[in-house]
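S.K.: no sequence for this one, just the structure:
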């Protein structure tokens, strides 16, 4: 008997996989990456899930679904959580993907680490039923950590797994999972804070600003949200200012045609990216902000140079570094 385990690499999903493995079920782990994940290695794999499968001794298949996932974030049928997290729609989307892979692999059911009542949006009884139904997986999802509190799944009814060897964990306390981890000798696991930027309040403010002013945003726009200081100069124009050498390099990497890059001419400072249909006034404001975060921030006037991406010609202008009072009204999020 073969099954697919959705494995984030967190404690719950690792324990769920271990409980099923103990019953002699052949498992293959499945992990979905998006641009909003915080535990990736250059967007190629999830470090936590890779560590988990190494400990479990099972294979891992990773799918990067960032491009498709943007539509889920833009138009969640079941709404957002406390920030910009579309947890129910996210779960349905990923389970549909898992269902297709399960059928391709010839597996019989899906294992998840969900715990009844642990997450207020997606791990309520009604939400679990809804998610199963809309994913086309009614009865085919086994939740080993809470199975004794839930209706019998098909794997249980068919005798593929023994319900008596499953658990009845519920609620937000982590004590039962930690005790179970000790029993299995699992010691190296990440904290339960979660690995999704859409639950982070600071990132959410940037995300909301992007959705309001550019509802047709792209993957490139989201990548930019993850770096630098962000300023809204007009409904059409925003500025991203690198905070260090590494971020300056990233800002340049994600620049695209039509963007304007700015930096101070004679002093160390940030690389700034101006995106949108900018006019002279916005370019001057962007230069003033760039000067404010440079080593020349205490001078009365600073030379800032700028050019459009893919163009060689640099243009120079002299500006005064922007005041603290003015900059606070423009900043989206530090």
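M.R.: Arrived safely, thanks for sending. All figures in this text were calculated on a predicted structure; none of them were measured in a lab.

S.K.: what's the nearest residue to the residue most central in space within the chain if we skip its chain neighbours?
M.R.: For the chain, the residue whose C-alpha lies nearest the mean C-alpha position (CA atoms, centre = their mean) is residue 36; its distance is 1.8 Å. Leaving out its chain neighbours, the residue that sits closest to residue 36 by CB to CB, 6 or more residues apart in numbering is residue 197, at 4.4 Å. Heads up, the C-betas are built off the backbone N, CA and C, glycines and all.

S.K.: distance of that neighbour relative to residue 83?
M.R.: Between residue 197 and residue 83 the distance is 9 Å, computed by CB to CB, to the nearest Å.

S.K.: and for residue 171?
M.R.: From residue 171 to residue 83 the distance is 22 Å (CB to CB).

S.K.: which one's more surrounded, these two?
M.R.: Neighbours around residue 171 and residue 83, counted as other CB atoms under 10 Å, are more numerous at residue 83. The numbers are 17 against 12.

S.K.: how would you label that one: helix, strand or coil?
M.R.: The three-state label given to residue 83 by DSSP: H, G, I helix; E, B strand; the rest coil is coil.

S.K.: what about residue 84, how many residues nearby?
M.R.: 22.

S.K.: just the helices in this protein please.
M.R.: When secondary structure is read from DSSP state H, the chain shows helices at 11-21, 47-56, 66-74, 87-105, 125-135, 154-157, 175-184, 201-213, 219-225, 245-253, 280-292, 324-328.

S.K.: okay, now residue 237: neighbour count?
M.R.: As a burial measure, residue 237 scores 21 neighbours (other CB under 10 Å).

S.K.: let me fix that: residue 68
M.R.: Using other CB under 10 Å as the criterion, residue 68 is surrounded by 12 other residues.

S.K.: name the nearest residue to it, sequence neighbours excluded.
M.R.: The shortest distance from residue 68 to any non-neighbouring residue, by CB to CB, 6+ apart, is to residue 93 (7.8 Å).

S.K.: the one you found contacts residue 69, doesn't it?
M.R.: Yes. Judged on CB atoms under 8 Å, residue 93 makes contact with residue 69 at a distance of 6.9 Å.

S.K.: and residue 38, what does it touch?
M.R.: Contact criterion CB atoms under 8 Å, 6 or more residues apart in numbering gives 195, 196, 197 as the residues in contact with residue 38.

S.K.: same thing but at 6 Å, please
M.R.: residue 195 (CB atoms under 6 Å, 6 or more residues apart in numbering).

S.K.: now swap in residue 53 and tell me
M.R.: Neighbour list for residue 53: 29, 60 [criterion: CB under 6 Å, 6+ apart].

S.K.: can you read off the pLDDT for it?
M.R.: We have a pLDDT of 93 for residue 53.

S.K.: shift numbering so it begins at 15
M.R.: Sounds good: first residue 15 from here, last item residue 67.

S.K.: what bits of the chain have low per-residue confidence?
M.R.: Counting by pLDDT under 70, the low-confidence segments of the chain come to 54-59, 204-208, 348.

S.K.: let me see the domain layout of it.
M.R.: Domain assignment of the chain by automatic domain parsing yields the ranges 16-198, 214-347.

S.K.: quick one: the shortest one to chain centroid distance?
M.R.: Remark: domain 214-347 is offset 23 Å from the chain centroid, using CA atoms, centre = their mean, to the nearest Å.

S.K.: and stretch 337-348, by the same measure?
M.R.: Computed by CA atoms, centre = their mean, the separation of stretch 337-348 from the middle of its chain amounts to 26 Å.
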